[in-house]
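Participant: turn this into a model:
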Amino acid sequence: MALLDTDVKPDWVDYNGHMNDAEYARVFSLAVDTLMERIGLDEAGRHRHGYTLYTLETHLRYLREAHQGQPLQVEVALVDRDAKRLHLWFELYSGEQLLATSEQMLMGIDLDSGRPGPFPEAVDTAIAALPVISSPAPEGLGRRIGIVRR
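Facilitator: Numbers count the residues shown, from 1 in each chain. Coordinates of the predicted model:
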């Protein structure tokens, strides 16, 4: 599902002449904000439901450089979920070229208690409508970090 369309801002470009690694994380964070809006957890929804999402873990892979002014699109698919957690797969594209991926675990938080809690019914329904990762799983999903020794 297409979530976010933006472009590489001038202040996102680093001393190497391409988008800084932190800015890739920013773009994926903006995509999470957009996802929250789409599932009913925009500012009004967070207030109405007394509920929000926290990011528990992120695994970001940098595959290709992005440069100033380059158009960017982020897509998302659901890997797995339970009553209060989302395992998501984000892909960052420029046109047809895959630039980066971000695998994330998000936790639903009841704002009154500050503790994890189940998704509100309307939010749960919206989550159920998200696209699900297709088989076979995309390259990199579930990948662990480490040095391969031969």
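Participant: what strands flank the helix or strand bottoming out on mean pLDDT in the chain, and is each parallel or antiparallel?
Facilitator: Ranking every helix and strand in the chain by mean pLDDT, DSSP states H and E puts strand 2-7 at the bottom, with a mean of 95. Strand 2-7 has its sheet partners listed here by DSSP bridges as strand 71-81 (antiparallel).
Participant: hang on, Val74 packs against Val27?
Facilitator: Yes. If you go by Cβ atoms under 8 Å, Val74 and Val27 touch, sitting 6.4 Å apart. Any C-beta I mention is one placed from the backbone N, CA and C, and that applies to glycine too.
Participant: those helices in the chain, which residues are they?
Facilitator: 21-38, 43-49, 121-128 (DSSP state H).
Participant: in the first one, what's buried?
Facilitator: In terms of neighbour count (16 or more other Cβ atoms under 10 Å), helix 21-38 has its buried residues at 23-24, 27-28, 31-32, 34-36, 38.
Participant: contacting residues around it?
Facilitator: If you take Cβ atoms under 8 Å, 6 or more residues apart in numbering as the criterion, helix 21-38 is touched by 3-4, 6, 8-9, 12, 42, 45-46, 52-53, 55, 58, 60, 62, 66, 72, 74, 76, 88, 90, 92, 99-100, 102, 104, 106, 126.
Participant: and for Val74 and Val27, which residues touch both?
Facilitator: Taking Cβ under 8 Å, 6+ apart as the contact rule, Val74 and Val27 both touch 4, 92.
Participant: circling back: out of the helices of the chain, which is closest to Val148?
Facilitator: With Cβ to Cβ, the closest approach to Val148 among the helices of the chain belongs to helix 21-38: 21.5 Å.
Participant: quick one: average pLDDT of the closest one?
Facilitator: Helix 21-38 shows a mean pLDDT of 97.
Participant: swap in stretch 65-74?
Facilitator: The pLDDT scores in stretch 65-74 average 97.
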